[in-house]
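In: Quick one: sequence and predicted model below, then my questions.
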Protein chains: 2
Amino acid sequence: MNAKLIAVGSELLRFGRHDSNGDWITERLQRLGVEVVGRALVGDDHGRTAAEIGAAVDSADIVVLTGGLGPTEDDRTREALAQALGLALERDDRRVARLREFFDRRGKEFHPEQEKQADRPSGAVWIDNPLGIAPGILYRGESFLVIALPGVPAEMKRMFDDTVAPLIGQAGEGRLARRVLKIGGRFESSVDAQVRDLYDTPGVEVTILTGAEGIELHLLATADDAGQARARVDRLDRELAARLGLDLYGRDDETLAGIIGRMLVQRGDSVATAESCTAGLLSATATAVAGSSCWFRGGLVVYSDDLKVSLAGVPPDILEACGAVSEEVARCLAQGARRRCGADYGVGITGVAGPGGGTEEKPVGLVHVAIAEDDQRTEHWKIQQIGGRELVRRRTVVFALDRLRRALLRRDPA
Amino acid sequence: MNAKLIAVGSELLRFGRHDSNGDWITERLQRLGVEVVGRALVGDDHGRTAAEIGAAVDSADIVVLTGGLGPTEDDRTREALAQALGLALERDDRRVARLREFFDRRGKEFHPEQEKQADRPSGAVWIDNPLGIAPGILYRGESFLVIALPGVPAEMKRMFDDTVAPLIGQAGEGRLARRVLKIGGRFESSVDAQVRDLYDTPGVEVTILTGAEGIELHLLATADDAGQARARVDRLDRELAARLGLDLYGRDDETLAGIIGRMLVQRGDSVATAESCTAGLLSATATAVAGSSCWFRGGLVVYSDDLKVSLAGVPPDILEACGAVSEEVARCLAQGARRRCGADYGVGITGVAGPGGGTEEKPVGLVHVAIAEDDQRTEHWKIQQIGGRELVRRRTVVFALDRLRRALLRRDPA
């Protein structure tokens, strides 16, 4: 089964607003084994809403509307629904009486405009709203189910869990399984070329995308039951893992820093950083993980050249001869971080984040990364990033974390 | 003029994902005087995407698509676009040559599947992508304009600002004016109570919300022409500014770090940091501003106690007597940052970010912030944050930046 969500309300189309009702319903439907195949946001516009409903019932099994069920003039989901379905809008007298009673009991005046909350398309049934006034509406067509819920999150959620979920649950037990595989140090096109033939695995949908920390493969399996769906995901996961090897660094909510931390803790080792162009973004990212004080010693943010010397111990003659953005200085920073912070591993970063400061020889986006593993051994990478300042810095941090992960993997645990 | 946005990508329909590209475009279009009348999210489904495009061009002046322009098999926005518009999809040989050249220059292998990024509907034109590989597509119909941009946020934004915005700006003069006022060091409810009566200003809509760096008041004026709209915003801005005083720190794209940097540059002064629980997040935030090397000296990430002593010069007896999370240590960190990094101002932060490490006396969320202005003067604040680890760290950084701003404002420029 699949579903389309339509959120109604002009405020949702303004900057800074966000259809959190739709996010919540997406998650609930997924658990019920219903795939959300589309979402729409429309303003308080009767005609546009009707057009969206019409398109949605043509292409989805379940259509869930939120918003536009209140008593005010711009609440016109009821009319849009009737129009889209080609049904008359009928006023339910018994519901009018209940509305009146609701107001009477609270000693509030009943304005006649409240009555429209008792309108529904002919043949529709009410969904009870235990927390508010406006009831929801449910209409069962030949090939679809339409559900209209209020936009007030608390009311919508309660009505969904009380009435909508059991109804859908009867129709289809949870039959989806989901997993995200995370891949470091690769481009999307190269991962895609390597695993593309597996996209056609029956019963599993695979989406590739670029996440915050590298490439992600999202697996979504459908099956007759949840166990079978999970087995499908497991099987494809094993195949992908075999192909991707060490490039596959984690799954679902795992992060590079979390994985690095786990390896370091197991070995009783620690890491420290010396950053120029990323200026603390690497240390901040590493320590975003709870418990990082067990393995992250500290860091040096050596933004100015004299601090590269005084704080990180870069020899002045090397800085002078090679320049701040150089392989040599990156190596000295990595060693300096290790030594000055008393860590087992040291990471050094120096580069041109831009937008200014680039030269022909050292353009914006040029970054040197080095990792020191002991007094002698220092690995180094020269990378050329594209993108603006923030992107250059963020991608550099992800690159450095991934290289540290690989350095740790290569070393046998002590 | 009005617009519909269509975000393409199955990942956007999963729980936990969110169409932030659409939010950004909504804001940009608003500034251009274009009203967003609908938004849709569709999966990587060729037919569904074509149906959405078809419906959108029937009802909107401008249709903006994001996503599905990459080289992989599920990137099918190009085909969907051609299908919806009833046009042939044509491969542009010159664009193929450019793609090859891009890969050659970087010494990377060119896979044949990359070539599809040179496909466009007959009669469409390219939108240059200065930050990535896949170009955007622009098609001008009789009554509509369709724009397809990549889903990678940095690329999309750059292409929108470089190419799309000027194009739309020519077509229709904006009759909207918009401004964001940014307020530091206050709670939403207190700002709301102070300015609420101004929400009813005719012709200007006011929305209050909590942004990344404090409270924001979004003003949106409509009028018969752009000048009148701007005048309305200016008038309300002046009234709000008079009430908010020093709490109002900036407007629109201004950030705390940008404003601090401007003040420091004017005075020829500099700042340095010593961070424990925020571990580089303050220095990374300060240096997110281009040109920050003129006023940001460097920082010490003293995550472990012995580094607080060896790197930041906190006297061991104070550390012992007061504990790492204390007013005394925060003051020593601020002074240590100043001295060790040779800066005019020093900021010290120490606290319990959580989720572990809290005690009855020093609970999770307790943070000490100190700012050293010279050898003698050090201001200190003890704050109790609520929220998870990430929120505690981010809010602490915003707090520290706002306090530094106020310290600079108090000091007469030398």
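Out: Received it, and whenever you're ready, just let me know what you need.
In: Can I take it that residue A:90 is in a strand?
Out: Yes. Judged by DSSP: H, G, I helix; E, B strand; the rest coil, residue A:90 forms part of a strand.
In: Report how many residues lie close to it.
Out: 14 (other C-beta atoms under 10 Å in any protein chain shown). C-beta here means a position set from N, CA and C on the backbone, and glycine is covered the same way.
In: pretty sure it contacts residue A:116?
Out: No. Assessed by C-beta atoms under 8 Å, residue A:90 is found out of contact with residue A:116, at 11.7 Å.
In: ok, now which ones touch residue A:256?
Out: A:184, A:213-214, A:249-250, A:398, A:401-402, A:405 (C-beta atoms under 8 Å, 6 or more residues apart in numbering or on different chains).
In: Among those, which ones are in strands?
Out: A:214, A:249-250 (DSSP state E).
In: ok, back up a step: which of the contacts of residue A:256 sits closest to residue A:21?
Out: Relative to residue A:21, the closest of the contacts of residue A:256 is residue A:213; by C-beta to C-beta it sits at 29.1 Å.
In: so what's the closest one scoring on pLDDT?
Out: We have a pLDDT of 92 for residue A:213.
In: What's the separation between it and residue A:282?
Out: Distance from residue A:213 to residue A:282, counting by C-beta to C-beta, to the nearest Å: 13 Å.
In: out of these two, which sits in the busier spot?
Out: Neighbour count, other C-beta under 10 Å: between residue A:213 and residue A:282, residue A:282 has more, with 31 against 22.
In: State the paired neighbours of the strand or helix carrying residue A:350 in the sheet, together with their directions.
Out: Using DSSP states H and E, residue A:350 sits in strand A:345-351. Strand pairing for strand A:345-351, determined by DSSP bridges: strand A:271-275 (parallel), strand A:366-372 (antiparallel).
In: Can you give me the buried ones in the helix or strand bottoming out on mean pLDDT in chain A?
Out: None of the helices or strands of chain A scores lower by mean pLDDT, DSSP states H and E than helix A:165-171, at a mean of 74. The neighbour-count check on helix A:165-171 (16 or more other C-beta atoms under 10 Å in any protein chain shown) flags A:167-168 as buried.
In: The residue in chain A positioned nearest to chain B: neighbouring residues, count only.
Out: Proximity of chain A to chain B (C-beta to the nearest C-beta) peaks at residue A:280, 2.8 Å away. For residue A:280, the neighbour count with other C-beta under 10 Å is 30.
In: wait, isn't it in contact with residue B:272?
Out: No. Using C-beta under 8 Å, residue A:280 makes no contact with residue B:272, being 11.5 Å away.
In: any common contacting residues for the two?
Out: residue B:299.
In: residues contacting residue A:58?
Out: Here residue A:58 is in contact with no residue (C-beta under 8 Å, 6+ apart).
In: Please could you give me each C-alpha atom of the helix or strand containing it, formatted as CSV?
Out: If you go by DSSP H and E, residue A:58 is part of helix A:46-59. The C-alpha coordinates for helix A:46-59 follow below in CSV (Å, rounded to 0.1, in the frame of the first residue of the first chain):
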residue,chain,number,x,y,z
HIS,A,46,-10.1,25.7,-2.3
GLY,A,47,-9.5,25.0,-6.0
ARG,A,48,-5.8,24.1,-5.6
THR,A,49,-6.6,21.8,-2.7
ALA,A,50,-9.3,20.0,-4.7
ALA,A,51,-6.8,19.6,-7.6
GLU,A,52,-4.3,18.0,-5.3
ILE,A,53,-6.8,15.7,-3.8
GLY,A,54,-8.0,14.7,-7.3
ALA,A,55,-4.5,13.9,-8.5
ALA,A,56,-3.7,12.0,-5.2
VAL,A,57,-6.7,9.7,-5.3
ASP,A,58,-5.8,8.8,-8.8
SER,A,59,-2.4,7.6,-7.9
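In: Tell me the first helix or strand C-terminal of it.
Out: Immediately after helix A:46-59, counting by DSSP H and E, sits strand A:62-66.
In: Could you list every helix and strand in contact with the next helix or strand along the chain from that next one?
Out: Sequence order places helix A:77-85 as the next helix or strand after strand A:62-66, per DSSP H and E. On a contact count with 3 or more C-beta pairs under 8 Å, 6 or more residues apart in numbering or on different chains; DSSP states H and E, helix A:77-85 meets helix A:46-59, strand A:89-91, strand A:119-121, strand A:136-140, strand A:145-149.
In: Need these in CSV (columns: mean pLDDT).
Out: Below are the helices and strands packed on helix A:77-85 laid out as CSV (pLDDT from 0 to 100):
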stretch, mean pLDDT
helix A:46-59, 93
strand A:89-91, 94
strand A:119-121, 94
strand A:136-140, 93
strand A:145-149, 96
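In: deepest of those, which one?
Out: Across the helices and strands packed on helix A:77-85, averaging neighbours per residue (mean count of other C-beta atoms under 10 Å in any protein chain shown) puts strand A:145-149 on top, at a mean of 25.
In: need the longest helix for chain A.
Out: helix A:389-410 (DSSP state H).
In: For that helix, list every residue counted as buried.
Out: A:389, A:391-408.
In: can you pull the contacts of the residue lying closest to the residue of chain A closest to chain B once chain neighbours are set aside?
Out: What sits nearest to residue A:280 in space, not counting adjacent residues and going by C-beta to C-beta, 6 or more residues apart in numbering or on different chains, is residue B:280, at 2.8 Å. Counting by C-beta under 8 Å, 6+ apart, residue B:280 makes contact with A:273, A:275, A:279-284, A:287, A:299, A:301, B:299, B:301.
In: Can you check what pLDDT the model gives residue B:280?
Out: 98.
In: And residue A:326, by the same measure?
Out: 97.
In: Spell out which parts of the stretch 151-300 of chain A neighbour chain B.
Out: A:178, A:187-190, A:192-193, A:196, A:199, A:205, A:207-210, A:216, A:218, A:220, A:273, A:275, A:278-284, A:286-288, A:290-293, A:296-300 (C-beta under 8 Å from any C-beta of the partner chain).
In: Now that we have these, which of them are buried?
Out: Applying 16+ other C-beta under 10 Å to those flags A:178, A:188-189, A:192-193, A:199, A:205, A:207-209, A:216, A:218, A:220, A:273, A:275, A:278-284, A:286-288, A:290, A:292-293, A:296-300 as buried.
In: Which ones among those map onto helices?
Out: Using DSSP H, the subset of those located in helices is A:188-189, A:192-193, A:281-284, A:286.
In: Out of those residues, which is nearest to residue A:260?
Out: Using C-beta to C-beta, those come closest to residue A:260 at residue A:286, 7.3 Å.
In: does the closest one really touch residue A:398, like I thought?
Out: No. Look at residue A:286 against residue A:398 with C-beta under 8 Å: they stay out of range, at 11.7 Å.
In: so residue A:4 bridges to which residues?
Out: residue A:38, residue A:63.
In: Measure how buried it is and give me the count.
Out: 29.
In: Would you confirm that it contacts residue A:29?
Out: No. Counting by C-beta under 8 Å, residue A:4 does not reach residue A:29; the two are 10.5 Å apart.
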